[in-house]
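# Fold the following, please.
(one chain, ligands or ions: 1)
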Amino acid sequence: MTDRAFPKGPYRVTNPAPALTADEQRIVADFHALYYRIWDFGRGPGTLDLHWLGFHTLKCPLDLWIYQEILVETEPDVIIETGTRFGGSAAFLAGICDLLGRGRVVTVDIKQLSGQPRHPRIDYVLGSSASAATLTQVQRRIEPGERVMVILDSDHRRDHVLDELQAYHPLVSPGCYLIVEDTNVNGHPAWPDHGPGPMEAVEAFLPSHPEFRVDPSRERFLMTMHPRGFLLRT
Ligand SMILES: C[S@@+](CC[C@H](N)C(=O)[O-])C[C@H]1O[C@@H](n2cnc3c(N)ncnc32)[C@H](O)[C@@H]1O
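The predicted structure follows:
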């Protein structure tokens, strides 16, 4: 018996990201740059004013589709998200959990904005994500034996992301993902003048953590805001 609202298919993604020629890679990078220009990031919602069920989110729809696949395939009980903002990503994740009949979202932010979604599967934690006090709050929300996935989407400066990686990676269950968002900034290939960010944090983290590997199959829709950011805990 299952309490799923919808039956789950048997498909598992195994294809890698497509191998691209140099010309094709340039096309992807150009599209990426165009997407960022149109997005108008930092100056309001911009033209790409993206909503899930009416809640604003700062994701690329191609990545949201990948998130849906990851939730279906890895069946986390707890999805920890740092960086709530308007709550659109938490609403998306909780909605997929509803369809699966499994999982809840613990979302952390230093600010509580009005209009964030109220949903039985969303639990808000207020505090700075990498602080010991916040980590304790998050850990208290995980029951022994639960499968845990982590998404880092708060302050994208390298040192903060590295602090988050150190704090949250022990929580990730084998077979689940640690997703480091916005590894595309600082010229990878977007926002070249951002300064060291999530990609630089990932590169500093991975050599001493062989239990995590980059999963290129999650980058197969050509554009992702998280290149080398889908880390699978083996
Ligand atoms: C990119 S937004 C999150 C977007 C959201 N996950 C989405 O996709 O719709 C980043 C959020 O991180 C929060 N933030 C910044 N520094 C933080 C910190 N040290 N700890 C927790 N949250 C932080 C900001 O307040 C902001 O709401």
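
# taking the mean pLDDT, what do you get for stretch 91-109?
The pLDDT scores in stretch 91-109 average 97.

# how much distance is there from it to the middle of the chain?
13 Å (C-alpha atoms, centre = their mean, to the nearest Å).

# Report the buried residues of it.
By neighbour count on 16 or more other C-beta atoms under 10 Å, the buried set for stretch 91-109 is 91-98, 100, 102-109. C-betas here are computed from N, CA, C, even on glycine.

# For stretch 117-136, report the contacting residues that lie outside it.
Stretch 117-136 is contacted by residues 53, 55, 82-84, 87-88, 90-91, 94, 97-98, 103-112, 116, 137-138, 141, 152, 154-155, 160, 163-164, 166-168 when judged by C-beta atoms under 8 Å, 6 or more residues apart in numbering.

# hmm, I was thinking of stretch 185-196
Residues from elsewhere that reach stretch 185-196 (C-beta under 8 Å, 6+ apart): 29, 32-33, 35-36, 41, 156-159, 184, 197-200, 225, 227.

# for stretch 94-103, same thing?
Stretch 94-103 is contacted from outside by 2-6, 8, 52-53, 67-68, 71-72, 75-79, 93, 104-105, 117, 119, 121-122, using C-beta under 8 Å, 6+ apart.

# Any of the residues you listed buried? List them.
52, 67-68, 71-72, 75-79, 93, 104-105, 117, 119, 121-122.

# Can you name the residues that contact R157?
Contacts of R157 by C-beta under 8 Å, 6+ apart are 195-197.

# between those residues, which has the most around it?
Neighbour counts for the contacts of R157 (other C-beta atoms under 10 Å) peak at G197, which has 24 neighbours.

# Which secondary structure state does the residue nearest to the spatial centre of the chain sit in?
Centroid-nearest residue in the chain: I151, 4.0 Å away (criterion: C-alpha atoms, centre = their mean). Here I151 is strand, with the state taken from DSSP: H, G, I helix; E, B strand; the rest coil.
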